[in-house]
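# give me the fold of what follows.
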Amino acid sequence: MFHAPILPRARKRSRPVEAAVPRREGVKFEDVRLYLVERKMGRSRRSFLTHLARSKGFIVDDVLSDEVTHVVSEDSQASSLWKWLQECVPKNLPNMRVLDISWFTDSMREGRPVAVETRHLIQDTLPEVPTPTSVSTVSQYACQRRTTTENNNKILTDAFEVLAESYEFNELEGPCLAFRRAASVLKSLPRALQRVEETQDLPCLGEHTKAVMEEILQYGHAFEVEKILSDERYQTLKLFTSVFGVGPKTAEKWYRRGLRSFSAALADRSIHLNRMQQSGFLHYGDISRAVSKAEAQALRSIIDEAVHAITSDAVLALTGGFCRGKEFGHDVDFIVTTPELGKEESLLPSLINRLTKQGILLYCDYQASTFDLSKLPSRSFEAMDHFAKCFLILRLKDSQVEGGLHIAEGDSRGWRAVRVDLVSPPMDRFAFALLGWTGSRQFERDLRRFARLERHMLLDNHALYDKTKQEFLTATTEKDIFAHLGLEYIEPCQRNA
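Numbering: from 1, shown residues only. Got it, this is the predicted structure:
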């Protein structure tokens, strides 16, 4: 019987070794450097995904190095993955995002690096890396941190806020912002810090902030903060700016005139108080006292009843600190509008007239709308938006508040004065105004910074503009705005940054 000769098996052609340096043409995202883990993924799939990512403007490294910012893996065995990563890049691992393939597919679909959400993270099961407070879990942006009203580091953040306020009085914006950012980061931490070494990988903490922290953790106070609190100028400016209508510049002017008290300011005939300042002094005892949550709810009922008596289709929303879950605040903020565009323009004048007839309006400063869509997008953020608004002082009765008024002991008047702010945007701007007025201030500041630096967009209380597409993005809810920015939605009660 004839047997065919056995031929030697052809050798499998070896694949060419990929270059260690990624191609740079068409790079759109310089700050993001990917590494795709071949384990579980396979060589051919990894090659395909690498070419896909590079075609969309991503940098993809073929070699894992300390320059990599995002590690993407399909390996569901977290312990073995982290052990392997720890052996490869032990030095810079805490600074890397170790992500599930879902983050990669989301980014490819959007054509840009999407915000990292909890569901994207491959959690470390090794106790030594990274720590719960490492930079891999704490973002530099407050809009990517969940911050409740529970502050586990209050002794530190209180000191930072004194320093920030002192720098603000001295018109030193840089140091002021640095301490506010540092305080914001510490407020988001799930536990109290015990040692400065625990902050090594936290963002927004410079040498100055760490030096202050070290003194507080060691001695219970910071010498620099104690010096500020006992400084006559700081004490005087803080006193004067506590008056409704008196800002830092006016307070500084009064201080330079040698004034050190309310009585001295009121007795100085060269000082001409405006209407807001006159009301601020007149009702100081009431409006300098915190407003309770129960009082805010009572005012909401009063405003709601008044607005719906004007128009049945009114939309009223409580914003500010009370919307974020705070028990006390310095005033109460509302947004009020109607579905019919243009109809909102008459709302606040009609509301003011009704409150006047009820005899509860103690002060009113109404500002008509200057909103002009043709002037958007605005390249610089302004502290106040251009919607119609009014700043009020209302008379609130004890009988209107569940549990009674939050008043000084021995006050038998049966009422108190409360500060109330109302803003009335067109309905198609409602979501942007609601997001901006809800706060907190640092959350909103970082949200705008994130939009500008990470998404090439411009955000304010009026609109969201995509500079890449050169178009305005529409939104009917806050969730729509977060989605446009590629951010995980954060509830108002977790925006206390």
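
# any low-confidence regions in the stretch 1-150 of the chain?
The model of the stretch 1-150 of the chain has pLDDT under 70 over residues 1-25, 76-77, 89-91, 123-136.

# mind redoing it with 80?
For the stretch 1-150 of the chain, the stretches flagged by pLDDT under 80 are 1-25, 40, 75-80, 82-95, 116-119, 123-137.

# now do the helices in it.
43-55, 78-88, 101-110 (DSSP state H, counting those that start in this stretch).

# deepest in the core, which of the ones you listed is it.
Most buried of the helices of the stretch 1-150 of the chain by mean neighbour count (mean count of other CB atoms under 10 Å) is helix 101-110; its value is a mean of 17. C-beta coordinates here come from the backbone N, C-alpha and C atoms, glycine included.

# packing partners for that helix?
In terms of contacts (3 or more CB pairs under 8 Å, 6 or more residues apart in numbering; DSSP states H and E), helix 101-110 is packed against helix 43-55, strand 70-73.

# now the ones you listed in JSON lines, with distance to H330?
JSON lines is the format used below for the helices and strands packed on helix 101-110 (distance: least, CB to CB, whole Å):
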{"stretch": "helix 43-55", "distance to H330": "49"}
{"stretch": "strand 70-73", "distance to H330": "42"}
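
# for the helices of the stretch 1-150 of the chain, give me JSON lines that also has distance to S288.
Shown next, in JSON lines, are those (distance: least, CB to CB, whole Å):
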{"stretch": "helix 43-55", "distance to S288": "57"}
{"stretch": "helix 78-88", "distance to S288": "53"}
{"stretch": "helix 101-110", "distance to S288": "48"}
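
# identify whichever of those lies nearest to T337.
helix 101-110 (31.6 Å; CB to CB).

# who are the packing partners of the next helix or strand after that closest one?
As assigned by DSSP states H and E, the chain's next helix or strand after helix 101-110 is helix 154-169. Where contact means 3+ CB pairs under 8 Å, 6+ apart, helix 154-169 is packed against helix 173-187, helix 207-219, helix 223-229, helix 232-241, helix 248-256.

# quick one, domains of this protein?
As assigned by automatic domain parsing, the chain contains the domains 33-130, 144-228, 231-282, 291-426, 438-494.

# can you add distance to F432 and give those back as JSON lines?
As requested, the domains of the chain are exported to JSON lines (distance: least, CB to CB, whole Å):
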{"stretch": "domain 33-130", "distance to F432": "19"}
{"stretch": "domain 144-228", "distance to F432": "20"}
{"stretch": "domain 231-282", "distance to F432": "26"}
{"stretch": "domain 291-426", "distance to F432": "8"}
{"stretch": "domain 438-494", "distance to F432": "6"}
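
# so for T137, which of those sits nearest?
domain 33-130 (7.3 Å).

# need the longest helix for the chain.
helix 293-310 (DSSP state H).

# pull up the pairing partners for the following helix or strand past that helix, direction included.
Proceeding N to C from helix 293-310, the next assigned helix or strand is strand 315-319, under DSSP H and E. Looking at strand 315-319 with DSSP bridges, its partner strands are strand 332-337 (antiparallel).

# quick one, the helix or strand following the partner strand and strand 332-337 angle?
Using DSSP H and E, the helix or strand that follows strand 332-337 towards the C-terminus is helix 347-357. If you take axes from the mean of the first three to the mean of the last three CA atoms, to 10 degrees, helix 347-357 sits at 130 degrees to strand 332-337.

# so which elements touch helix 347-357?
In terms of contacts (3+ CB pairs under 8 Å, 6+ apart), helix 347-357 is packed against helix 293-310, strand 332-337, strand 361-367, strand 388-397, strand 415-424.

# now the angle from the fourth one to helix 347-357?
When you say that, I think you mean strand 388-397. Using the same axes, to 10 degrees: strand 388-397 against helix 347-357 is 20 degrees.

# same deal with the third one?
Taking the same axes, to 10 degrees, strand 361-367 and helix 347-357 form an angle of 160 degrees between their directions.

# which parts of strand 361-367 are buried?
361-364 (16 or more other CB atoms under 10 Å).

# Serialize those to CSV and add fields for distance to Y255 and pLDDT.
Output for these, formatted as CSV (distance: CB to CB, whole Å; pLDDT from 0 to 100):
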residue, distance to Y255, pLDDT
L361, 33, 98
L362, 29, 98
Y363, 26, 98
C364, 30, 98
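
# need these in a markdown table with distance to K479, can you?
Listed next are these as a markdown table, based on distance: CB to CB, whole Å:
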| residue | distance to K479 |
| --- | --- |
| L361 | 36 |
| L362 | 38 |
| Y363 | 36 |
| C364 | 34 |
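
# between these, which sits nearest A433?
C364 (20.4 Å).

# ok, the closest one - contacts?
By CB atoms under 8 Å, 6 or more residues apart in numbering, C364 lies in contact with 352, 355-356, 390-393.

# closest one of those residues to D31?
F391 (41.6 Å).

# tell me how many other residues surround the closest one.
Neighbour count of F391, defined by other CB atoms under 10 Å: 18.

# so it touches V423, yeah?
No - the criterion here is CB atoms under 8 Å, and F391 misses it with V423 at 10.0 Å.

# buried residues, the longest helix of the chain. List them.
Here helix 293-310 shows 293-300, 302-303, 306-307, 310 as buried, counting by 16+ other CB under 10 Å.

# can you list contacts of it?
So helix 293-310 is contacted by 314, 316, 318, 322, 326-329, 332, 334, 336, 347, 350-351, 354-355, 358, 360, 394, 396, 400-403, 405-406, 418, 420, 422 (CB under 8 Å, 6+ apart).

# tilt between it and strand 415-424?
Interaxial angle, helix 293-310 versus strand 415-424 (the same axes, to 10 degrees): 60 degrees.

# so what's the spatially most central residue of the chain up against?
Nearest residue to the geometric centre of the chain (CA atoms, centre = their mean): F443, 1.0 Å. Taking CB under 8 Å, 6+ apart, we find F443 in contact with 142-143, 147, 184, 495-497.

# in three-state terms, label it for me.
What DSSP: H, G, I helix; E, B strand; the rest coil gives for F443 is helix.

# mind checking how far it is from M108?
To M108, F443 is 30 Å away according to CB to CB, to the nearest Å.

# what do you get for T474?
From T474 across to M108, the span is 25 Å (CB to CB).

# kindly report the same for V332.
Taking CB to CB, one finds V332 at 46 Å from M108.

# still on that earlier bit, so which of the helices and strands packed on helix 154-169 is the most surrounded?
With neighbours taken as mean count of other CB under 10 Å, those reach their highest mean count in helix 173-187, at a mean of 21.

# so which elements touch that one?
Contact here means 3+ CB pairs under 8 Å, 6+ apart; on that basis helix 173-187 packs against helix 154-169, helix 207-219, helix 441-455.

# next, the angle from the longest one to helix 248-256.
Using the same axes, to 10 degrees, one finds that helix 154-169 and helix 248-256 are set 80 degrees apart in direction.

# looking at helix 154-169 now, give me its mean pLDDT.
Mean per-residue pLDDT for helix 154-169: 97.

# cool, and stretch 302-314?
96.

# may I have that stretch exported as CSV, CA atoms only?
C-alpha atoms of stretch 302-314 as CSV (Å, rounded to 0.1, in the frame of the first residue of the first chain):
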residue,chain,number,x,y,z
ILE,A,302,-46.4,81.2,50.7
ILE,A,303,-44.6,81.8,47.4
ASP,A,304,-46.2,78.8,45.7
GLU,A,305,-49.7,80.0,46.7
ALA,A,306,-49.0,83.6,45.5
VAL,A,307,-47.5,82.5,42.2
HIS,A,308,-50.4,80.0,41.4
ALA,A,309,-52.9,82.8,42.2
ILE,A,310,-51.2,84.7,39.3
THR,A,311,-51.0,81.8,36.8
SER,A,312,-52.1,78.2,37.2
ASP,A,313,-49.2,76.8,35.1
ALA,A,314,-46.4,78.3,37.2
